[in-house]
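Colleague: One predicted model, sequence on top.
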Amino acid sequence: MTAVATPAPPVGGPRPVPWAKLAWVTWRQHRVALAGVAVLLGGLGLYLLIMGVRIHGAYLAVASCHPAGSAACEVTGRPFSSYYHTAQDMTAILQVIPVLVGVFVGAPLLARELETGTFRFAWTQGCGRLRWAVAKLVLLAIAVTAAAGAFSLLFSWYYQPFFAERFDGVLAPQLFALRGVDFAAWTLAAFAIGAVAGVLIKRTVPAIVASLAIWTGLALATALFLRKHYQASLLTRGSPGYSNPPWVFGQWYTGPNGAPVGQQTIRNVVAHAPESVQNSTNPNAVTAYLTAHHYTQWSTYQPESRFWHFQFIEGGWLLVLSLALLAATIWLVRRRAA
Amino acid sequence: MNVIEAAGLGKRYRRSWALRDASLAVPAGHVVALVGPNGAGKTTLLHLAVGLTAPTAGRVTVLGGVVPGTPAALDQIAFVAQDAPLYRNLSVADMLHLTRNLNRRWDQRRAEARLAELAIPLRRKVGRLSGGQQAQLALTLALARRPALLVLDEPLSSLDPLARHDFMASVMAAVAEDGVSVVLSSHVLADLERVADYLILLSAGQVQVAGEVDDLLAGHRMLAGPAEAAGDVAERLAVVHVHRAGALAHLLVRSNGAAEPAPSGWESSPVGLEELVLAYLREPGAAALPGPSARATQDSGVPA
Amino acid sequence: MTIDKRIDSAGGPGERGQDAAIAFRLDHASGVPTYLQLVQQVEHALRLGYLGKGDRLPTVKEVVSSLAINPNTVLKAYRELEHRGLAAGRPGQGTFVRGAPATAGLAELTTLRKSLLAWLRSADAAGLDEAGMVALFTSALRDFHDRRGEAPGPVPRGDAGPGTAAEGAEGVA
């Protein structure tokens, strides 16, 4: 459609440029990055799909095998176990996907314009820098978050049999971050961190590096220190057991007087136990011996039932953080001088 | 209408002032040459006028009182920054489409006609065009927005002589066709002498000369005569610059035109624009600015 | 100063329906103001017969497209040509040649040329070089105009004297 020029501007100032046109601009300028994300998530998704079908098939074989625990069923269960080991590798790889997707789309967004000087072109067009920035940030944020969300649904389906067989608990740190709303939330946070780093640092590669470092630090701090405090942890005697593997993050012993004792003390006590106890095949023999001598094991843990509760807490504060960073980015664009 | 109006305009970066106490009243319908040495503050002044940066002191308005950077100003002003920044990995056609989508007013037919005339292929990536072609593309995009004011920051500095000529020819054709006002900066005056009818000379962040070229040239004369008599002349006429070579001295003086006779013993001749600018650059204390009465109206008047 | 008789390719016939009959060129080093160079080129073309009555002069856009000069300069030149009665603008169509500067008949021209050559031979015998001859001629020309009470016309090229260059800068605003 060709537009013929109108010599005089409309009375009362020009109408703002419609969002649809800005959507095209966003798409055209960032289609390489978006295509990269599509290829990455699409490729991994295809793998999850293919493997997931096999895993579900192997699980069906295991689940329908009677009697459970027999030698024959153990043989049936071998493929399933080997899939589990492969899945651990996949889980490790997927830990970095949110930061890769978010930072490589978010950091160059403004950094490249500032670095190459093209912002002097973009910010003097009739659209104005605010509307331009808002369109790009919002549209790309939605795109990466939605893609990540869809991917994490696929991953949940893929891993479901291992949860069913109690191989892992849902609160296990490496798995918690890949499912529910967490995966999408961390991706959005990476995008927001990348965007604000880009506008502050004004150079693409340093902005990417800084964003990767900040996100990684935040993710590690959350998984190791913050997440366990979302709700008051529960305390129990002994080990909470493996029937519903919860997230256990603290275990210690107390001695006869009730004070905590170190691992070395426990080892000394066990070393004095009779041979029959030490070499027993019963896993509870050692624990029974310790209990008889008034050594109690304690565990702090979070139960599996709190999975969604934690997902929404973590997703919530990540969302608030992301929105704050994106708002800061827009404010910085407004203020940024030539 | 004044296309750029500034009062006490200043911009400070960290500790130094890139532009200080600049006051201007540039009338519309002119081709304005903004000249000065490197670092004089030309780019700063242009960035303030197009809204890329905000003033530290004073104020500036464009197109009859509009604040730079507001939608009304952005709509009417097209800016080509130094080295014509464009998205290098986009094709020419994509750049047209993108610019069209970022503006309310767009003349696609004209843009395509210009590019065809210049033999710039639509399918080629911008990064693969020559420097001259990129500059012409940036100009095409700016003109297709049908602005009231076209601002160009050192558009010629990275172009070869033929590309420079073609670029300026395109700008002048646009002025002839659309009546667009143009402000362009350069540190090489010779590039702009033939095209400019309004001159602003910036030196060390301050406006030294501002006015219509015809008025400036008519208001200055070059006197040649005995060096020892130079002091007497200085007492009676406003001397801008004295250049002594042995017994002969050349004085650049402000006068009321050719009608005023030269002092006896002195020969008077008109001044070229480049000579005028060089003389003022050598005398940082001198200035040729329109008087206060001229600022409110469009008539720039004879320099005071 | 050369005149191109070729049709100016910058504008083309287009809507005008008639090609421009003259293409201008610019001499940056001559010291003569741009608008005056355009006027002189038109006058020269008229004298030599390259331009005739009714021929179309290039549009302002055509001129600035090929020379890269300010459109006001072209307007100033065309106004001066109108002032001298040599051209007239037709609204919506362009500027057209109206008349030719007053010039002598062919026989007179031949006689004048002969006496001029004789003068040149005398000047050469007296020891004047070319620059000296031009300076002498220019000075006499100015005296002649002063006595006739007219404003001096455009100064021919090559005059480097300080006093006489003043006339080149005067113009119709």
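Modeller: Perfect, thanks for sending it. Numbering: from 1, shown residues only, chains lettered A, B, ... in the order given.
Colleague: alpha carbons only for contacts and neighbour counts from here, please
Modeller: Noted.
Colleague: which ones are touching A:Leu178?
Modeller: A:94-95, A:152, A:155-156 (C-alpha atoms under 8 Å, 6 or more residues apart in numbering or on different chains).
Colleague: Apply 10 Å and report the result again.
Modeller: A:91, A:94-95, A:97-98, A:148-149, A:151-153, A:155-156, A:184, A:186 (C-alpha atoms under 10 Å, 6 or more residues apart in numbering or on different chains).
Colleague: quick one: which of those residues is nearest B:Glu177?
Modeller: A:Ala148 (53.1 Å; C-alpha to C-alpha).
Colleague: Can I take it that that closest one is in a helix?
Modeller: Yes: under DSSP: H, G, I helix; E, B strand; the rest coil, A:Ala148 sits within a helix.
Colleague: pLDDT at it, what is it?
Modeller: If you check A:Ala148, the pLDDT there is 96.
Colleague: Please name the nearest non-neighbouring residue to it.
Modeller: A:Ala184 (4.9 Å; C-alpha to C-alpha, 6 or more residues apart in numbering or on different chains).
Colleague: So which elements touch the helix or strand hosting that neighbour?
Modeller: Assigned by DSSP states H and E, A:Ala184 falls within helix A:182-201. Contacts defined by 3 or more C-alpha pairs under 10 Å, 6 or more residues apart in numbering or on different chains; DSSP states H and E place helix A:182-201 against helix A:97-116, helix A:129-164, helix A:173-176, helix A:204-221, helix A:307-335.
Colleague: For burial, what's the neighbour tally of the residue nearest to A:Ala148?
Modeller: Each residue near A:Ala184 was counted by other C-alpha atoms under 10 Å in any protein chain shown, and the total is 27.
Colleague: Quick one: residues contacting it.
Modeller: A:Ala184 neighbours (C-alpha under 10 Å, 6+ apart): A:98, A:102, A:144-152, A:177-178, A:190, A:315, A:318-319.
Colleague: Need the phi and psi values for B:Val66.
Modeller: Backbone torsions of B:Val66, given as degrees, to the nearest 10, read phi -90, psi 140.
Colleague: ok, now which ones touch it?
Modeller: B:3-5, B:60, B:72-74.
Colleague: Any quick ChimeraX command for the buried ones out of the contacts of A:Ala184?
Modeller: Buried members of the contacts of A:Ala184, defined by 16 or more other C-alpha atoms under 10 Å in any protein chain shown, are picked up in ChimeraX with:
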select /A:98,102,144,145,146,147,148,149,151,152,177,178,190,315,318,319
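Colleague: Give me the buried positions along the strand or helix carrying B:Ala113.
Modeller: Assessed by DSSP H and E, B:Ala113 sits inside helix B:108-117. Within helix B:108-117, the residues that qualify as buried by neighbour count (16+ other C-alpha under 10 Å) are B:108, B:110-112, B:114-115.
Colleague: ok, whichever helix or strand comes after that helix near chain C or not?
Modeller: Downstream of helix B:108-117, the next assigned helix or strand under DSSP H and E is helix B:131-144. No: Helix B:131-144 stays clear of chain C (C-alpha under 10 Å from any C-alpha of the partner chain), getting no nearer than 13.8 Å.
Colleague: okay, the angle between helix B:131-144 and helix B:108-117?
Modeller: 160 degrees (axes from the mean of the first three to the mean of the last three C-alpha atoms, to 10 degrees).
Colleague: Give the other helices and strands that helix B:131-144 contacts.
Modeller: Against helix B:131-144 (3+ C-alpha pairs under 10 Å, 6+ apart) you get strand B:77-80, helix B:92-101, helix B:108-117, strand B:149-152, helix B:161-178.
Colleague: please redo it, this time with the cut-off set to 8 Å
Modeller: strand B:77-80, helix B:92-101, helix B:108-117, helix B:161-178 (3 or more C-alpha pairs under 8 Å, 6 or more residues apart in numbering or on different chains; DSSP states H and E).
Colleague: Mind listing residues that contact it?
Modeller: In contact with helix B:131-144 (C-alpha under 8 Å, 6+ apart) are residues B:78-80, B:83-86, B:92, B:96, B:99, B:106-108, B:110-111, B:114-115, B:120, B:126, B:150, B:155, B:158-160, B:163-164, B:167, B:171, B:174.
Colleague: Kindly report the same for stretch A:280-292.
Modeller: Under C-alpha under 8 Å, 6+ apart, the answer for stretch A:280-292 is A:269-270, A:273, A:277-278, A:296.
Colleague: Pull the distance from the helix or strand containing C:Ser66 to the chain's centre.
Modeller: Applying DSSP H and E as the criterion places C:Ser66 in helix C:60-67. Remark: helix C:60-67 is offset 18 Å from the chain centroid, using C-alpha atoms, centre = their mean, to the nearest Å.
Colleague: can you tell me the average pLDDT over the helix holding A:Ala184?
Modeller: Here the average pLDDT along helix A:182-201 is 96.
Colleague: any idea which helix or strand of chain C has the worst average confidence?
Modeller: helix C:166-169 (a mean of 40; mean pLDDT, DSSP states H and E).
Colleague: For residue 136, give me the pLDDT.
Modeller: By default, I'm working from chain A. 96.
Colleague: let's do chain C instead
Modeller: Confidence score, pLDDT, at C:Leu136: 88.
Colleague: how long is stretch B:94-109 from one end to the other?
Modeller: From its first residue to its last, stretch B:94-109 covers 15 Å (C-alpha to C-alpha, to the nearest Å).
Colleague: Any buried residues in it, and which?
Modeller: Buried-residue list, stretch B:94-109, by 16+ other C-alpha under 10 Å: B:94-108.
Colleague: Measure how far it is from the centre of its chain, please.
Modeller: 27 Å.
Colleague: That stretch near chain A at all?
Modeller: Yes: judged by C-alpha under 8 Å from any C-alpha of the partner chain, stretch B:94-109 comes into contact with chain A at B:98-99, B:101-109.
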